[in-house]
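In: How does the following fold in three dimensions:
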Amino acid sequence: MKVSKQQVQANRAHIVETASTLFRERGYDGVGIADLMAAAGFTQGGFYKHFNSKADLMAESSACSLGQSTALMAGVSPVEFVELYLSRSHRDDRATGCTLAALCGDAARKEEVRATFAAGIETQLNILREGEGQSNGGDPALARAKRLALMAHMVGALVLSRACPDDSPLADEILATCRDAILETLMPPAVGSGDESGEN
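Out: Residues are numbered from 1 along each chain as shown. Model (predicted):
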């Protein structure tokens, strides 16, 4: 029986979605084509009707999951996003959590996905910029540097926390310490906190 064009597109999208989850959970090399297709409900032989190679799927599924992260970022304030990102529930949810934290280590060794990750990072930096509103109207280069530092701090904290045993005090300490430090940088300075008088 011939499958409609719409169904073919739906099947492909389902495979991409399944792959984006499995790759974040197990890494690119931790998922074979046979396992991936079985998880999606298809036979291994059907893979090459949709993709030329596993590398193609890796790039497409990464773009998919990076897009999901971007959509989540767009709906909350920077403070809310930091609190959600550096939470224990996000740390423990590898399969549907941040693609950068889950796969940057893998991507560094996979030339075929690095451009996808670079594009995803740029998009997320733009979302962070939009979340700043008019509060950062100074030097654009300095503002961008602060956004990059913020992103690196958050992703690094999540990676370090996930590298520890789930129930270890250190795993939670990393999240709490970095969350508090980042939130402090996002809070506006208190009125009168500087030396306004100029007197000794």
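In: Not counting its neighbours along the chain, what's nearest the most centrally placed residue in the chain?
Out: For the chain, the residue nearest the mean C-alpha position is residue 98 (3.1 Å; CA atoms, centre = their mean). In this structure, residue 98 finds its nearest non-sequential neighbour in residue 69, 5.8 Å apart by CB to CB, 6 or more residues apart in numbering. Where you see a C-beta, it was placed from the backbone N, CA and C, and this is true even at glycine.
In: Report the separation between the one you found and residue 16.
Out: 15 Å (CB to CB, to the nearest Å).
In: and if you look at residue 2?
Out: From residue 2 to residue 16 the distance is 22 Å (CB to CB).
In: Those two: which is more packed in?
Out: Using other CB atoms under 10 Å as the criterion, residue 2 and residue 16 rank with residue 16 on top: 20 against 6.
In: Quick check: that one touching residue 58?
Out: No. Here residue 16 does not reach residue 58: they are 10.3 Å apart, not a contact under CB atoms under 8 Å.
In: mind listing the helices for the chain?
Out: In the chain, the helices defined using DSSP state H lie at 5-26, 33-40, 54-74, 78-85, 88-92, 99-107, 111-132, 140-163, 169-186.
In: and among the ones you listed, the most buried is which?
Out: Across the helices of the chain, the average number of neighbours (mean count of other CB atoms under 10 Å) peaks for helix 99-107, which reaches a mean of 21.
In: picking that back up, right, and the residue nearest to residue 98 touches residue 124 too?
Out: Yes. The pair residue 69 / residue 124 is scored as a contact, 6.8 Å apart, by CB under 8 Å.
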